[in-house]
Each structure stands twice: as structure tokens, then as C-alpha cells.
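Q: I need the structure of the sequence given here:
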Amino acid sequence: MPVYSMTGYASGQNTPGGGHADADSRPAAAGRLGVEIRSVNSRFLDLTFKLPEELRQHEPALRELLTRSLKRGKVELRANFENSAASGVVEPSTKLLQRLNGVQDSIKAWLPSARELSVADVLRLAGGDGSQRGDWGPDLLDVSGRALAAMMEARAREGARLATMLSEHLGELRKLATQAGPLVPQLVEQQRNRFLERWQDAMGLVGGTLPEAAQDRALTEATAFAIRIDVAEELTRLSSHLDEIERLIAKGGEIGKRLDFLIQELHREANTLGSKSAALELTRIGVDMKVLIEQMREQVQNIE
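A: Next up, the predicted model:
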């Protein structure tokens, strides 16, 4: 499965005059319907719909459409429609005119002073007539489905880019871990020699020779130092976390939360390695690791 980013945008429109007629042979929705879908990262799936009042009844169907494909992210779907140029003035049907005339006669019978309907009044009422507006439901779901598919493609492309960047950072972290491994034995040997040199200097000041006990003490101090700075366990766990991240990236799908947890574990191991650092080179490696891990954290926060 591909790795999906939670960031994406897509839009779509219906074909003017290409709407669907319903079972009662009502006229298809005339005009242009536009749908926009945008998403950003979020811990959970958070759906928001901004629909005209005439389309509000279709929100449950739209919610079901989105939840079938999306698992995480803050998603906003916005829809709007407008009459096309050809249908900018809606021609009232004969049935509507007869109904308006009958309603007007009834009103004037009770309210003789009421003014008569103007042409503008009739056109305005005709524009709001449901039989003239048609059913936007089929078009809305069709356009939303196409926009959703386009957004999923955009999220997949962004996810592939993020996966490539994460893989590159994994390689750099492995190189740093490889550099850190051999430094520990070198540091232990350097510290042992430093202990012996200090004992020799001290014995030279009093005109003595270096006793065997002094050498044993130096070895004991060097051993304690080796235990304190040993980062083999941290490097082993770090390598294990890197292997798991690499496996998840290859697997794809809904991996964002697991990656976020593994990034926290990587950061913990890098912090421990830095706290055990007894040389500038090891300190530099620890800092470089934390910089890479922080960059990975930012990328992982956008993965579904």
C-alpha cells in the first residue's frame, strides 16, 4: 500500500446541463456545481462540511463517502452551485404560473390592497422553485467522489515524497550509528592510558616506581569508565527502531501513529547516547542524530 500524507487539495465541477434526472422525470440540476476538498494533519479524522442549505440533506452521504477512504486528517468539503449563463433567467413553467395566479387571487380576495406580482417577483419565485432547480444529489456525490479520488492521488504523491525523505534520513542515522560504535573502545583505551600516565607522573614526583597495585587501580577505573560510557545497548535499540521504521514505510497504509511512537523512541536513545558522551566526536554524533530525528518527526506528523 502507498504511504499517504494527510495534506492534500482537490476540486471538481459538474458539466453544465449534464445533471441527472430523477425517477419522477424532474428536470436535472441546471447550472454548475463546484466541490473543493482540502485536508491537513490531525490526530484523528475530523470532517467539516460547508454546504448551501439546499445541499445540507446530502451531508450523511458525503460523510460516508469520505470515511470509506480517509482514516486521519482535518478534512473540509465545500460545495457551491450557480446557474450557468444559459440558465441565468429561469423560465417559469406553465404549471408554476397557474399556481402563482391562483395564490395571488386567493390573497387579493382577503387582502384587496395587496399589490399584484411583478415580473421580477415571478422570476425570483421561479428561481427558487424546486422543480426548476432540479435534484443536485447525484451530481454532488459524483463530483465529490471525483474530487476525493484526485485528493487521494495528491496525498499519495506527497506521501511518497515523505517516505523518500524518511528513507534518506534512516540511511544517515545508520551511518552515524556506524561511526559511534568504534569510538567507545577507543575512548576506553585512551582513558586507561591517561590513568596510567597520571599514576606514573605522581610516582615520579616522589621518586618511586609504578607499583602493580597502581596498574590494577588504573584498570579498575578504566573498566568503570567503560561501563559508564558504553552505548552499545542504545545503538542496538536504535538500529532495531530504524529497521521497524523501514519495514512500516515499505508496508504503507495507516502507519502515522506507529511511526510517531518510534520517532519518540529514537529521540530517547539519541538523548541517552548524548548524555553518555565522553568525547567531542561522540557528542557531535548525538547532536546530528537529534537534528535528523527532529526532521523526521516533522515529516511523520503529516503521514496518515
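
Q: so, low pLDDT: which residues of the stretch 51-200 of the chain?
A: Applying pLDDT under 70 to the stretch 51-200 of the chain picks out residues 83-90, 127-135, 188, 191-192, 196, 199-200.

Q: again, only this time at 90
A: In the predicted model of the stretch 51-200 of the chain, residues 52-56, 80-139, 177-200 satisfy pLDDT under 90.

Q: which stretches in it count as strands?
A: Secondary structure of the stretch 51-200 of the chain, counting by DSSP state E, counting those that start in this stretch: strands at 73-82.

Q: could you pull out the helices for it?
A: 59-67, 94-110, 119-127, 130-133, 137-180, 183-205 (DSSP state H, counting those that start in this stretch).

Q: mind checking the SS state of residue 35?
A: Three-state call for residue 35 (DSSP: H, G, I helix; E, B strand; the rest coil): strand.

Q: residues in contact with it?
A: 11-13, 77-79, 140, 143-144, 147 (CB atoms under 8 Å, 6 or more residues apart in numbering). For the C-beta atoms, the positions are set from N, CA and C on the backbone; glycine is no exception.

Q: buried subset of these?
A: Buried residues within those, counting neighbours by 16 or more other CB atoms under 10 Å: 12, 77, 79, 140, 143-144, 147.

Q: picking up where we left off before, out of the helices of the stretch 51-200 of the chain, which is closest to residue 5?
A: Taking CB to CB, helix 137-180 is the member of the helices of the stretch 51-200 of the chain nearest to residue 5, at 3.6 Å.

Q: run the chain-centre distance for the closest one.
A: Relative to the chain's own centre, helix 137-180 is displaced by 9 Å; criterion: CA atoms, centre = their mean, to the nearest Å.

Q: how many residues are close by residue 299?
A: 17 (other CB atoms under 10 Å).

Q: correct me, but it touches residue 162?
A: Yes. Assessed by CB atoms under 8 Å, residue 299 is found in contact with residue 162 at 5.0 Å.

Q: which strands and helices lie in contact with the host helix or strand of residue 281?
A: For residue 281, the element it lies in under DSSP states H and E is helix 280-300. For helix 280-300, the packing partners by 3 or more CB pairs under 8 Å, 6 or more residues apart in numbering; DSSP states H and E come out as helix 137-180, helix 183-205, helix 256-275.

Q: and the gap between the nearest residue to residue 152 once chain neighbours are set aside and residue 37?
A: In space, and not counting its chain neighbours, residue 152 is closest to residue 69: 6.0 Å by CB to CB, 6 or more residues apart in numbering. Counting by CB to CB, to the nearest Å, the gap from residue 69 to residue 37 is 11 Å.

Q: could you do residue 56 as well?
A: 17 Å.

Q: of these two, who's got more company?
A: residue 37 (24 against 9).

Q: just the pLDDT for the more buried one.
A: Here the pLDDT value assigned to residue 37 is 96.

Q: isn't it right next to residue 143, touching?
A: No. With contact defined as CB under 8 Å, residue 37 does not reach residue 143; the gap is 10.2 Å.

Q: turn the helices and strands packed on helix 280-300 into JSON lines, including distance to residue 244.
A: As requested, the helices and strands packed on helix 280-300 are exported to JSON lines (distance: least, CB to CB, whole Å):
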{"stretch": "helix 137-180", "distance to residue 244": "11"}
{"stretch": "helix 183-205", "distance to residue 244": "24"}
{"stretch": "helix 256-275", "distance to residue 244": "6"}
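
Q: quick one on the thing from earlier: would TSV of the contacts of residue 35 with distance to residue 155 be doable?
A: As requested, the contacts of residue 35 are arranged in TSV below (distance: CB to CB, whole Å):
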residue	distance to residue 155
11	15
12	16
13	21
77	15
78	18
79	20
140	22
143	19
144	16
147	12
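
Q: and which of those residues is nearest residue 2?
A: Checking those against residue 2 by CB to CB gives residue 147 as the nearest, at 18.8 Å.

Q: what residues does that closest one make contact with?
A: Contacts of residue 147 (CB under 8 Å, 6+ apart): 10-12, 35-37.

Q: now render the residues you listed as TSV, adding distance to residue 264.
A: Output for those, formatted as TSV (distance: CB to CB, whole Å):
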residue	distance to residue 264
10	32
11	37
12	39
35	38
36	35
37	31
